[in-house]
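**Q** whatever this is, show me its structure:
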Amino acid sequence: MAAACGAIGCRSASSEPPGIITVELANSPTNLDPRVGSDEASQKLHQLLYSSLVTVGDDLRVRPELATAIDQPDPRTYIVHLRHGVRFHDGRVLTSADVVYTFRSLLDPAFVSPKKGAYRLVASVDALDADTVRFTLKEPFASFAVNLVLGIVPAGAGPELARHPIGTGPYRLVSFVPDDRTVLAPFAGYFGGAPKNAGLVLKVVPDDTMRGLELRKGTVDLVVNDLSPDIVAELQREGRLKVTTAPGTDFAYLGFNLRDPLLADRRVRRALGFGIDRGAIVRYLRRGLATEAAGIVPVSSWAFDPDVFTFTYDPARAKRLLDEAGHPDPDGDGPLPRFHLSLKTSTSEVYRIQAAAIQQDLRQIGVAVDIRSYEFATLYADVLRGNFQMYTLQWVGVSDPDMLRRVFHSSQMPPVGFNRGFYVNPEVDRLIDEATVEPDEARRKALYGRVQALVAEDAPYIPLWTKTNVAVYQPDLHGVRLSPIGSFAFLADVWKAPAR
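**A** You can find the predicted model right below:
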């Protein structure tokens, strides 16, 4: 009977209570404090445990969440009016004091967080009364509102939030075991209404094959963006599980350390860009569940420049650029390389295979690549420290062109920002600074378009692909809806049909 059930894909009995939704994650969250945790898995948990003043809609524009309205009496002042009666998981009522505390943390020089760079233009955060907060900026900052997408923590909360979060989101924490699972229970006092399910188990399964196997067995309910394209295609062919796709904004890239003597030369970086067959990666490795990326600004963003330079696969041009840069091939098309580079990537099979494809492509232009695979936490720590020549990662949920500032402005190098490759271009800095204070959207679009053009030419990143969001789930699950930024907030609306 067991063999027959395996053959037709019967659903095994789950060990979880009825109504619990089990979701698989490829990586473990590293920090449940929304002011600190910046990895993808942590941010997914933040979306479930906390609420923000505003959230990002499907049109990639902000809309109120804890805020009922935001007034802007002048270009440097934002007045936020709060919902009444919102409660934290411990029963306390949220007030302006909690909002002030959350954002003042990120203004504190002693507070360490990679998110601090987003708030460098904030001069002060003050409570006007229990339900009203005033943000005063040092200078106009047209993208400021998107930086209010930050989970609000209780006033006085300290480093314990990393493991014992208290928020106002639809779920409260039951248990958190790093590298294993996080268990969440519905928060009955959630201002948006109680979740439609009995709770969530977010289970860490690092291996792609095992994630697919557990879906087949029915021991998990849902995987969002954490299955390899090959496994998605296989499960789709089998036809028992449901598959939902939608355009996404997650941006995969090859990052460079521009302090490295070889990679400091723009000609070398551009040669590597022309030497990588991104189309083949999308067609064969991603199984069409992606599109070739032009840059970090999503195509669906109002600020996207459709005329921005993009790399084509052109090995001959790549070789000419390397020759110009003073790196001739020592034996023509023979086995000896022009030089060696190291590429750090995660142990996830899909990214190891992608790294191998990049390695093979670059070998064809005379560049030897040494692949080094690490568990995500180790890889991420090395990237934050600048301990790499090249690496592959993704930016998740990009929604606002201000991301150009946080990633490419020279003032945003770690630990205050995300310029992890140490990119410096004074003209890019100037244009970003001008766009940051420009209130007119059409003029901002033009400025951001110029930034995108310069960054594309300088190639501090090689854009690889933009993800197509995909959810694979059991047929008795309902309410699955994917947002462009891949938010997990939709899980509160997912429910499981009763067993017949």
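**Q** from W395, how far out is Y253?
**A** Relative to W395, Y253 is positioned 7 Å away (C-beta to C-beta, to the nearest Å). All C-beta spots, glycine's among them, are computed from the backbone N, C-alpha and C.
**Q** that should have said Q412, apologies.
**A** Using C-beta to C-beta, one obtains 14 Å as the distance from Q412 to W395.
**Q** do P64 as well
**A** Spatial separation of P64 from W395 under the definition C-beta to C-beta is 25 Å.
**Q** same check on V451?
**A** According to C-beta to C-beta, V451 stands 16 Å off from W395.
**Q** neighbour count for the two, which is higher?
**A** Just comparing V451 and W395: by other C-beta atoms under 10 Å the higher neighbour count belongs to V451, 28 against 19.
**Q** that one looks like it's in a strand, true?
**A** No - assessed with DSSP: H, G, I helix; E, B strand; the rest coil, V451 is helix; it does not lie in a strand.
**Q** is it true that it touches E434?
**A** No - in this structure, V451 sits apart from E434 without contact. The criterion is C-beta atoms under 8 Å, and the distance is 9.6 Å.
**Q** and stretch 406-420, which residues are buried?
**A** 406-409, 412-413, 416-420 (16 or more other C-beta atoms under 10 Å).
**Q** and what of stretch 179-196?
**A** By neighbour count, and taking 16+ other C-beta under 10 Å as the criterion, the buried residues in stretch 179-196 are 181-187, 190-191, 195-196.
**Q** repeat that for stretch 492-500.
**A** When burial is assessed from 16+ other C-beta under 10 Å, stretch 492-500 yields the following buried residues: 492, 494-496.
**Q** same question, stretch 353-368
**A** 353-355, 357-359, 361-362, 365-367.
**Q** now the two most distant members of these.
**A** Maximum pairwise distance in those, criterion C-beta to C-beta, is 22.5 Å, between I353 and G366.
**Q** count of neighbours near the residue lying closest to P34 once chain neighbours are set aside?
**A** Using C-beta to C-beta, 6 or more residues apart in numbering and skipping residues adjacent in sequence, the residue nearest P34 is G151, 3.1 Å away. Each residue near G151 was counted by other C-beta under 10 Å, and the total is 26.
**Q** swap in D207?
**A** Neighbourhood size, D207 [other C-beta under 10 Å]: 13.
**Q** can you pull the contacts of the residue lying closest to it once chain neighbours are set aside?
**A** Closest residue to D207 apart from its sequence neighbours, by C-beta to C-beta, 6+ apart: E349 at 7.4 Å. Residues near E349 by C-beta atoms under 8 Å, 6 or more residues apart in numbering: 207-209, 228.
**Q** turn those residues into TSV, columns for pLDDT and secondary structure.
**A** Below are these laid out as TSV (pLDDT from 0 to 100; DSSP: H, G, I helix; E, B strand; the rest coil):
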residue	pLDDT	secondary structure
D207	88	coil
D208	86	helix
T209	91	helix
S228	88	coil
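**Q** just the buried residues out of these, in PyMOL syntax.
**A** Filtering the contacts of E349 down to the buried ones (16+ other C-beta under 10 Å) takes a single PyMOL command:
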select buried, resi 208+228
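**Q** quick one: Q47 is in a helix?
**A** Yes - counting by three-state DSSP, Q47 is part of a helix.
**Q** quick check: it vs E40, distance?
**A** Q47 is 11 Å from E40, where distance means C-beta to C-beta.
**Q** check A127 too.
**A** Distance of A127 to E40, computed by C-beta to C-beta: 33 Å.
**Q** which one's more surrounded, those two?
**A** Counting neighbours by other C-beta under 10 Å for A127 and for E40 shows that E40 has the greater number, 23 against 17.
**Q** circling back: now do the shared contacts for Y253 and W395.
**A** By C-beta under 8 Å, 6+ apart, the residues touching both Y253 and W395 are I296.
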